[in-house]
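Chemist: One predicted model, sequence on top.
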Amino acid sequence: MSHAHAHKGPIEYNDTQFGKASPGKIGMWLFLVTDAMSFSGFLIAYAVLRATSTNWPVPSHALGGVGLSGFMTFLLICSSVSMVLTIDACKQKNRKAMLNWLLFTIVGGASFLSIQMYEYSHLIGHLGMSFNSYAHGSSLFASTFFSITGFHGLHVLSGVIYLITMYVHAQRGDFDNGEYNQLEIAGLFWHFVDLVWILVFTFVYLL
């Protein structure tokens, strides 16, 4: 323990099989691979149901346009950029910039969730769309829409909570020595959430 506290800089990893990847990073990559399979299952099911349905609405019309979801996509992309800048600031031991960029990332994720809640309320209240019924098209469209976007929203919520814990650690000075491994692991999860949303936005809202 005393040796760990005496360490003043980033920990160097050099595994014979995984190179410089830390055990935590390897674990996160394994989790993301399995999680990607879950999202793939949702999107494949969506594609199959859409291809076989005779009453599938045009998504951009059924969802009241893509402007709002496009802005949500922009928010997540910006938050991914700010996460990269967070890690870069940590490497440079710039605590203030690290905290600011990390806070920006958190706000971006929270804003995404707020807009998604607004979108849901609009779809349910004004368009009569629920998980198992839809007045303007196939109920399969409604159920797959809420399943896919809701599952992704759960990931965004988990990511925001994850980043908040990283912010608490950063405020305590845990990353002041330039040890960015934990931030990089959190960043992997956040970039994955961003990438998945781009696929969801393309498949569900645009195509």
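Modeler: Structure's in. What do you need?
Chemist: Secondary structure element holding the closest residue in space to Tyr162 that isn't next to it in sequence?
Modeler: Distances taken as Cβ to Cβ, 6 or more residues apart in numbering place Ala186 nearest to Tyr162, at 5.5 Å, with adjacent residues excluded. Every residue, glycine included, has its C-beta placed from N, CA and C. Per DSSP states H and E: Ala186 is located in helix 181-200.
Chemist: And the strands in the chain, which stretches?
Modeler: In chain order, the chain shows no strands, with DSSP state E as the criterion.
Chemist: Helices along that one, start to end?
Modeler: 2-6, 23-52, 59-62, 67-91, 95-126, 139-171, 181-200 (DSSP state H).
Chemist: CA atoms only for the shortest one, dumped as PDB, please.
Modeler: Meaning helix 59-62. Provided in PDB are the C-alpha atoms of helix 59-62 (Å, rounded to 0.1, in the frame of the first residue of the first chain):
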ATOM      1  CA  PRO A  59     -39.600   6.600 -39.300                       C
ATOM      2  CA  SER A  60     -38.900  10.300 -40.000                       C
ATOM      3  CA  HIS A  61     -42.700  10.900 -40.400                       C
ATOM      4  CA  ALA A  62     -43.800   8.600 -37.600                       C
END
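Chemist: Can you list the buried residues in that helix?
Modeler: 59, 62 (16 or more other Cβ atoms under 10 Å).
Chemist: Spit out the contact partners of Gly70.
Modeler: Phe201 (Cβ atoms under 8 Å, 6 or more residues apart in numbering).
Chemist: how close does Gly27 sit to Val33?
Modeler: Distance, Gly27 to Val33, using Cβ to Cβ, to the nearest Å: 11 Å.
Chemist: Also Tyr134?
Modeler: Tyr134 is 34 Å from Val33, by Cβ to Cβ.
Chemist: Name the residue in these two with the higher neighbour count.
Modeler: Tyr134 (21 against 10; other Cβ atoms under 10 Å).
Chemist: count of residues packed around the closest residue to the more buried one other than its chain neighbours?
Modeler: Once flanking residues are discounted, Tyr134 sits nearest to Ala142: 4.0 Å by Cβ to Cβ, 6+ apart. By other Cβ under 10 Å, 24 other residues sit near Ala142.
Chemist: Ala142 contacts Ile124, correct?
Modeler: No - look at Ala142 against Ile124 with Cβ atoms under 8 Å: they stay out of range, at 9.7 Å.
Chemist: Between these two, which contacts overlap?
Modeler: Joint contacts of Ala142 and Ile124 (Cβ under 8 Å, 6+ apart) are Ser130.
Chemist: Let me have the helices of the chain in JSON lines, extended by distance to Leu207.
Modeler: Below are the helices of the chain laid out as JSON lines (distance: least, Cβ to Cβ, whole Å):
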{"stretch": "helix 2-6", "distance to Leu207": "50"}
{"stretch": "helix 23-52", "distance to Leu207": "9"}
{"stretch": "helix 59-62", "distance to Leu207": "8"}
{"stretch": "helix 67-91", "distance to Leu207": "13"}
{"stretch": "helix 95-126", "distance to Leu207": "18"}
{"stretch": "helix 139-171", "distance to Leu207": "13"}
{"stretch": "helix 181-200", "distance to Leu207": "11"}
